[in-house]
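>>> what's the 3D shape of this:
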Amino acid sequence: MSFSDKIIWITGASSGIGKALAVELSNQNATLILSSRKKEDLMLVKNACKNPDAIKIITLDLEKHSTLQTKADKAIAAFGTIDILINNGGISQRSFAKDTSLEVDRRIIDINYLGTVALTKAILPHFIKRKSGHFVTTSSIVGKIGTPLRSSYAASKHALHGFFDSLRAEIYKDNIAVTLICPGFVNTNISKNALTGNGTPQQKMDTATKNGIAPNTFAKLMVKSIQQRKEEVYISGAKEKLGVYVKRFIPKIFSVLIRKMSVT
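Predicted structure coming up:
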């Protein structure tokens, strides 16, 4: 697949994986729509891309579900169509379940799961009408295995797998693809912005995150997976990837290992 004739909408595009994706896809001559809550940061990403004149910015907040249909309509109108929606926006967590308020649980679900689902449903009729389209969603290795300090985050990512696996089966006949990308540790600000039990950001980077995959390297691997229209991809270090398979085939061993594993 060439991206030179593709119009791609990326959420969570103001930093981290989203920013790296924007730069990589612009280098491959894609036409881009970039979204997040932060317009100034989006402008910086736009200006860092190869063809800033071929990029539109639409601010949005995934927590404000009632606004997302309007945002989707605006995105479609920007270039007349959308070929690929990359659901990359979201927020993480660093707190034990016993210390996490229900409001924080709810907020993580509202952003990561319901916000992504709402935006997907807003674009879905457009894809069905065209009999073409591709949903790409950034999940997590934690969308396959639950780990300490991530109870609500893991729940939100597990929910995305259930939704998009079901959706993939429903829209196959409409020539619409679904790709779930599962990152391990990536060197971004995700741990700094992660919510603690009372809803405040952690404001520090985890050691594992700091030692994670470089965002530009991750973006190249993710873009390759999108080109190949893969259904589910694990892009991570060996330990995170191994955890997925240990959980699948010898879950009792996994339960012992995860209690001892450092996830910070």
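>>> C-alpha from now on. contacts and neighbour counts both.
Fine.
>>> how near is Ile226 to Pro251?
30 Å (CA to CA, to the nearest Å).
>>> Comparing these two, which shows the higher neighbour count?
Taking other CA atoms under 10 Å, Ile226 and Pro251 do not tie; Ile226 has more neighbours (23 against 14).
>>> and the gap between the more buried one and Met261?
Distance check for Ile226 against Met261: by CA to CA, it reads 31 Å.
>>> Just the pLDDT for Ala54.
We have a pLDDT of 85 for Ala54.
>>> Not counting sequence-adjacent ones, nearest residue to it?
Closest residue to Ala54 apart from its sequence neighbours, by CA to CA, 6 or more residues apart in numbering: Thr31 at 5.5 Å.
>>> ok, the one you found - contacts?
Thr31 makes contact with 4-8, 54-55, according to CA atoms under 8 Å, 6 or more residues apart in numbering.
>>> The same query, at a cut-off of 7 Å, please.
Residues in contact with Thr31 (CA atoms under 7 Å, 6 or more residues apart in numbering) are 6-8, 54-55.
>>> List just the nearest of these to Asn88.
When these are ranked by distance to Asn88 (CA to CA), Ile8 comes first, at 12.1 Å.
>>> now the closest one, what's its secondary structure?
strand (DSSP: H, G, I helix; E, B strand; the rest coil).
>>> Distance from stretch 89-103 to the middle of the chain?
17 Å (CA atoms, centre = their mean, to the nearest Å).
>>> C-terminal to the helix or strand harbouring Ile33, what's the next element?
Element membership of Ile33 [criterion: DSSP states H and E] is strand 31-35. Using DSSP H and E, the helix or strand that directly follows strand 31-35 along the chain is helix 39-48.
>>> which element follows that following helix toward the C-terminus?
Using DSSP H and E, the first helix or strand after helix 39-48 is strand 55-57.
>>> Direction included, what does that next one pair against?
Its sheet considered, strand 55-57 pairs with strand 31-35 (parallel) by DSSP bridges.
>>> any idea how far the closest residue to Ser14 other than its chain neighbours is from Ala219?
Leaving out its chain neighbours, the residue that sits closest to Ser14 by CA to CA, 6+ apart is Leu42, at 4.8 Å. Relative to Ala219, Leu42 is positioned 17 Å away (CA to CA).
>>> Over to Lys71?
Using CA to CA, Lys71 is found at 25 Å from Ala219.
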